[in-house]
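Q: Mind folding the following:
(one chain, ligands or ions: 1)
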Amino acid sequence: MKFVVETSARHVHVTQEDLETLFGKGHELTKKKDLSQPGQFACEEKVTIVGSKKEMKASILGPVRPETQVELSLTDARSIGVDAPIRESGDIAGSGACKLVGPAGEVELKEGVIAAKRHIHATPEDAEKLGVKDKDVVSVKIDTEGRSLVFGDVVVRVSPKYALAMHIDTDESNAAACGREVFGEIVK
Ligand SMILES: [Zn+2]
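A: Numbering: from 1, shown residues only. Now for the predicted structure:
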């Protein structure tokens, strides 16, 4: 059973409070396009992520969340000079620090910078078909033109709110030379 593999570019999730610090009092996110996961969307708003060496821009993904989180590739993290431990989304205790700069203000993040652990989103029905359960760690084979790769350490996340898709970052995507439409399958 194959599933789509999507590449996540660097992005930022923000709290409503940090959004207002960055973009002004009462600011609300402006949806640019829906993402594959139900309710998640890319926004028009961009912020600057400032590290010890450099800075780079990233889009905000909505909706707002209980904690601000910056997701970078390891190449991005090294380039701008921040730590980005490999973590599951939401697991940010003791993760990397950076500064975020928006048109109305700045937010000093003591933690929240991560390199997202590669993962599969699955509904309970998908998980049953795939023979996996929530928090399983599996290997996924991705077939591409000339750079096929088996990724280990892929965590499975199961929720009725999800849509079946695997998420990798731009480093992982480039390592497998992923093109526009890529599929993966779990290998035992
Ligand atoms: Zn994801």
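Q: Checking the residue of the chain most remote from its centre next. Helix, strand or coil?
A: Taking CA atoms, centre = their mean as the measure, the residue most remote from the mean C-alpha position of the chain is Lys25, 26.6 Å away. Applying DSSP: H, G, I helix; E, B strand; the rest coil to Lys25 yields a three-state assignment of coil.
Q: show me what contacts Gly179?
A: Residues counted as contacts of Gly179 (CB atoms under 8 Å, 6 or more residues apart in numbering) are 144-145. Backbone N, C-alpha and C define where each C-beta goes, glycine included.
Q: now it: how far from Ser173?
A: 9 Å (CB to CB, to the nearest Å).
Q: Leaving out chain neighbours, which residue sits closest to Ser148?
A: Take Ser148 and drop its neighbours on the chain: the residue closest to it by CB to CB, 6 or more residues apart in numbering is Ile142, 6.4 Å away.
Q: residues in contact with that neighbour?
A: Taking CB under 8 Å, 6+ apart as the contact definition, Ile142 lies against 5, 148-151, 176, 178, 182-184.
Q: Can you flag the buried ones in these?
A: Among the contacts of Ile142, those buried by neighbour count (16 or more other CB atoms under 10 Å) are 5, 149, 151, 176, 178, 182, 184.
Q: now, among those, which is nearest to Lys110?
A: Proximity to Lys110 was ranked across these by CB to CB; first place goes to Phe151, at 30.9 Å.
Q: How is that closest one assigned, secondary-structure-wise?
A: Remark: Phe151 carries the secondary structure label strand [criterion: three-state DSSP].
Q: Report the beta-bridge partners for it.
A: Beta bridges link Phe151 to Val140, judged by DSSP bridges.
Q: Let me know how buried Asp126 is, in neighbour terms.
A: Using other CB atoms under 10 Å, Asp126 has 19 neighbouring residues.
Q: Excluding chain neighbours, what is closest to it?
A: Distance criterion CB to CB, 6+ apart; nearest residue to Asp126, sequence neighbours excluded, is Leu164 at 4.4 Å.
Q: Surely that neighbour is in contact with Glu125?
A: No. In this structure, Leu164 is not within contact of Glu125 by CB atoms under 8 Å, at 9.0 Å.
Q: So between the two, which is more surrounded?
A: Under the criterion of other CB under 10 Å, the comparison of Leu164 against Glu125 puts Leu164 first, with 18 against 11.
Q: Just the pLDDT at that one, thanks.
A: Leu164 is assigned a predicted lDDT (pLDDT) of 98.
Q: contacting residues around it?
A: 3-4, 120-123, 126.
Q: ok, now with 6 Å
A: Leu164 makes contact with 3, 122, 126, according to CB atoms under 6 Å, 6 or more residues apart in numbering.
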